[in-house]
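Trainee: A predicted structure for the sequence below; I have some questions about it.
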Amino acid sequence: MSSPAAAPPTPSNLRRIVAASLIGTTIEWYDFFLYGSAAALVFNKLFFPDSDPLVGTLLSFLTYAVGFAARPLGALVFGHYGDRLGRKKLLVLSLLMMGGATFAIGLLPTHATVGTAAPVLLTLLRLVQGFALGGEWGGAVLLVSEHGDARRRGFWASWPQTGAPAGQLLATGVLSLLTAVLSDAAFDSWGWRIPFLLSGVLVIVGLWIRLSVDESPVFRQALEQAEARKAVARKAEDAAERLPLVAVLRHHWRDVLIAMGARMAENISYYVLTAFILVYATTSAGVSKQTALNAVLVASAVHFATIPLWGALSDRVGRRPVYLLGAAGVGLWMFPFFALVDTGDFGYLLLAVTVGLVLHGAMYAPQAAFFSEMFATRMRYSGASIGAQFSSVAAGAPAPLIATALLSDYGSSTPIALYVIAAAVLTLVAVGVAKETRHRDLTDLSEPADGESAVSRTADARSV
């Protein structure tokens, strides 16, 4: 039985909730992307100095990939407790963990000081980053999705998604500024630490804002409903069902697989466009470090601005059409992308990255609402997080590593382009078989029957 719908938030409250999610995700993505940029530019020399430069970059990207390996574990733990204790509490914890790990990286001794202990410590802190980010994404998008206006859910839920390009913009901007004002020697010696230490200040700001918002009203209603059920005797065999993970795998296994497939092109293309491009442009296209950073910086600003537009379009035409457009576009753009980068011209480089990120935004913008609408309320944090983060192990984690290895083995961008195109085909298939979720009513707190997903039960519902 459905509970009465919660009263919609006032415009000012909704804006505060969106701001809290956006600022929090921006800080967390800043921390995560900062590592990726540093891995491409400086960590190979500081933590793996005895290796060939390209091999050192591969090892550096390997520690980068470790963070992705921890994200599914973070999704499981944060999803479980987020579906039991609430979205807000877990979001505060994820921000503290991410900021603390990033600040600690800024204090790490390098290989020259402590030898092999340096990359070991770096890897451990990267694991903490990945664990925290695995729990951040689901909570942030759900906090907005479950508060927001159902008719504009795609638009409002896309704002936390802009935290990724905003974090990329902030991380790349700080690095670009430092490389512009510092010599290479000064940057490699101590300048690289500044962006990591800056995270401590950003976390304080993020916590102040995030603590000021209310818990999701939809979650509160679901929790009250669950507490009422506890007063009724339940069969022993039903105990496992009270675990959100078990409930997700029982009712939403198909939706989890769809979410994982949907993320393949989105995740892989993003890290090729923003992390690997720093390696490719500087080693194969003869572009300076500063020029490559500036191109990613400007393109990230355009990416940030276009994500809400794609989100708004998904409210009008549906999540699937916009997502499919982005996946097909990214696949078709790969060969022109590398051809433009190979010219070594800043204008063409900027065009290549900007178009790629705008097409990526067509997948990333509707993703928040799309994944939120797939799952029932009491298993939504777990379902959305598991679907999003488990795919990152196969997609985003190895993407820069695979791309760098392909470049090393073949000396050509063609295998890399084919790699992204294959991911795009997989995403087209996954989203193509998915049901449209635009009209899903998130205030419906009834639980699905065995074998029935939340989307199939309400496929014909209309938002009110």
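Mentor: Yep, it's here. Numbering: from 1, shown residues only.
Trainee: CA only for contacts and neighbour counts going forward, please
Mentor: Will do.
Trainee: Where does the prediction get shaky in the stretch 351-464 of the chain?
Mentor: Along the stretch 351-464 of the chain, segments meeting pLDDT under 70 span 443-464.
Trainee: right, I mislabeled it, should have said the chain
Mentor: Filtered on pLDDT under 70, the chain yields the residue ranges 1-12, 51-54, 56, 148-149, 214-220, 222-245, 443-464.
Trainee: report the longest helix in it, please.
Mentor: Ranked by residue count, the top helix of the chain under DSSP state H comes out as helix 53-85.
Trainee: Any buried residues in the next helix or strand after that one, and which?
Mentor: Downstream of helix 53-85, the next assigned helix or strand under DSSP states H and E is helix 87-105. Of the residues in helix 87-105, 87-92, 94-105 count as buried by neighbour count, 16 or more other CA atoms under 10 Å.
Trainee: Show me what counts as buried in the longest helix of the chain.
Mentor: Neighbour counts over helix 53-85 (16+ other CA under 10 Å) mark 54-84 as buried.
Trainee: how big is the angle separating that helix from helix 87-105?
Mentor: Angle between the axes of helix 53-85 and helix 87-105 is 150 degrees (criterion: axes from the mean of the first three to the mean of the last three CA atoms, to 10 degrees).
Trainee: for helix 53-85, packing partners?
Mentor: Where contact means 3 or more CA pairs under 8 Å, 6 or more residues apart in numbering; DSSP states H and E, helix 53-85 is packed against helix 11-41, helix 43-47, helix 87-105, helix 117-145, helix 244-251, helix 380-394, helix 399-410.
Trainee: How about the secondary structure of Met374?
Mentor: coil (DSSP: H, G, I helix; E, B strand; the rest coil).
Trainee: Leu406 and Thr414 touch, don't they?
Mentor: No. In this structure, Leu406 is not within contact of Thr414 by CA atoms under 8 Å, at 9.1 Å.
Trainee: which residues does Ala292 contact?
Mentor: Contact partners of Ala292, counting by CA atoms under 8 Å, 6 or more residues apart in numbering, are 277-278, 281-282, 349.
Trainee: nearest to His360, of those residues?
Mentor: Minimum distance to His360 across those is 15.0 Å, recorded for Ile277 (CA to CA).
Trainee: With distance to Ser372 as new columns, can the helices and strands packed on helix 53-85 be given to me in CSV?
Mentor: Output for the helices and strands packed on helix 53-85, formatted as CSV (distance: least, CA to CA, whole Å):
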stretch, distance to Ser372
helix 11-41, 15
helix 43-47, 36
helix 87-105, 13
helix 117-145, 6
helix 244-251, 13
helix 380-394, 6
helix 399-410, 26
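Trainee: among these, which is the most enclosed?
Mentor: Most buried of those by mean neighbour count (mean count of other CA atoms under 10 Å) is helix 380-394; its value is a mean of 28.
Trainee: elements contacting that one?
Mentor: Using 3+ CA pairs under 8 Å, 6+ apart, the elements in contact with helix 380-394 are helix 53-85, helix 117-145, helix 244-251, helix 253-271, helix 346-372.
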